[in-house]
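Student: build me a structure from this.
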Amino acid sequence: MTPPLGRRLLAEAVGSALLAAVVVGSGIAAQRLSDDAGLQLLENAAATAVGLYAIILMVGPVSGAHLNPAVTLADALFGGLAWRDAAAYVPAQVLGCVAGAVLANGMFSLDAVSIAETHRASGGHLLAEVVATAGLVTLVLSLARSGRAASAPAAVGAYIGAAYWFTSSTSFANPAISVGRMLSDTFAGIAPASVPAFVAMQLVGVAVAVALVRALYPGIPRTAARDVVVPHPEHP
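Tutor: The predicted structure is shown next:
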C-alpha cells in the first residue's frame, strides 16, 4: 500500500523546494519590507511556520513529508524506512532545497545563484543547531510512535516557528535547507564555510533525538515510513 518510490521522491523534492522557497523568499520579502531586524525575523518565522504546515499537508500522504535528511535518517534508524529508500530521499531533498532557493531568488529579480556571505558557525550557533534538530526529530518521531501523526503538520510548524526565536541559529535543523540557503546572499543565507559545521551539529542532534525517543517510547513497534509525519489516507 506504500506509494511507489518515484512518487515519494517527487513529493520530497517538490515539498523541499517549496520549503526552501518559503524560507528564502519570506526572508527576502522581510528584508525589503522592514528595517527592524526583529520584525524581519518575525515575518520570516511566521511565514515559515504556516508554510511548513501547508506543505506537510500537501505531500505528507505520499512520502511522509520528511523534507529533511535528519528526519529521514532517524526514521531509517528506527526501521520505519528502508535504507535504500532513505539513500534516495536525501538527494531529492537536497536538490529540492537548491531549486527552491534559486526559485526564491528569481521571484525577487535577484541573480539565480548568489553565494551567501553570512557566517553563522559560532559556538552558540552550533549548540543551537544540536538543540533545534534534536527537538524537531524528537517531536516528529514521538508523534508517530504514539499514534498522533495527524497532529504533525501543526506541531512541526509551531515548533519551527518558535525555534526561530529560542535558538541563536534561527533553527535551520535541516542539512538540505542548510545547503540550499548557501545559494542566496540574503536575510536567510548562510556562508558555505559555515555549512559543514552546521550539518555536523544537526547529525549530533539526530543522535540525541534517537536516544530520547528510545527512552521515552521504549518497546513501541516501528512505524511505517509514510506515517512518520502524516498517515497515509488508507491507514488513518
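
Student: which ones are touching the closest residue in space to Leu33 that isn't next to it in sequence?
Tutor: Residue nearest to Leu33 in three dimensions, not counting chain neighbours: Glu43, with 7.1 Å by Cβ to Cβ, 6 or more residues apart in numbering. Bear in mind the C-beta positions are built from the backbone N, C-alpha and C, glycine included. Contact partners of Glu43, counting by Cβ atoms under 8 Å, 6 or more residues apart in numbering, are 26, 29-30, 33-34.

Student: I'd like these as CSV, with distance to Gly51 appended.
Tutor: Converted to CSV, the contacts of Glu43 look like this (distance: Cβ to Cβ, whole Å):
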residue, distance to Gly51
Ser26, 7
Ala29, 12
Ala30, 13
Leu33, 17
Ser34, 18
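
Student: Ala76: which of these is nearest?
Tutor: Of all the contacts of Glu43, Ala76 sits closest to Ser26, with 30.6 Å by Cβ to Cβ.

Student: I'd like to know how many residues surround the closest one.
Tutor: 22 (other Cβ atoms under 10 Å).

Student: tell me which helix or strand it sits in.
Tutor: Here Ser26, judged by DSSP states H and E, is contained in helix 5-33.

Student: which parts of that helix are buried?
Tutor: By neighbour count on 16 or more other Cβ atoms under 10 Å, the buried set for helix 5-33 is 8-31.

Student: before we move on, what about stretch 101-114?
Tutor: Neighbour-count burial for stretch 101-114 [16+ other Cβ under 10 Å]: 101-105, 110, 114.

Student: so of those residues, which ones are in helices?
Tutor: Within these, residues falling in helices by DSSP state H are 101-105.

Student: can I get those in a markdown table including distance to Ala76?
Tutor: Output for those, formatted as a markdown table (distance: Cβ to Cβ, whole Å):
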| residue | distance to Ala76 |
| --- | --- |
| Ala101 | 26 |
| Val102 | 28 |
| Leu103 | 29 |
| Ala104 | 29 |
| Asn105 | 32 |
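
Student: which of those sits closest to Ala86?
Tutor: Minimum distance to Ala86 across these is 23.0 Å, recorded for Ala101 (Cβ to Cβ).

Student: correct me if wrong: the closest one contacts Thr186.
Tutor: No - judged on Cβ atoms under 8 Å, Ala101 makes no contact with Thr186 at a distance of 9.4 Å.

Student: common neighbours of those two, please.
Tutor: Val24.

Student: okay, and for the protein, where does confidence drop off?
Tutor: For the chain, the stretches flagged by pLDDT under 70 are 220-236.

Student: where do the helices sit along it?
Tutor: 5-33, 37-63, 69-77, 83-107, 123-145, 152-166, 175-180, 195-216.

Student: show residues contacting the last one.
Tutor: It stands for helix 195-216. Contacts for helix 195-216 (Cβ under 8 Å, 6+ apart): 70, 73-74, 77-78, 120-121, 125-127, 129-138, 141-142, 145, 169, 172-175, 178-179, 182, 190.
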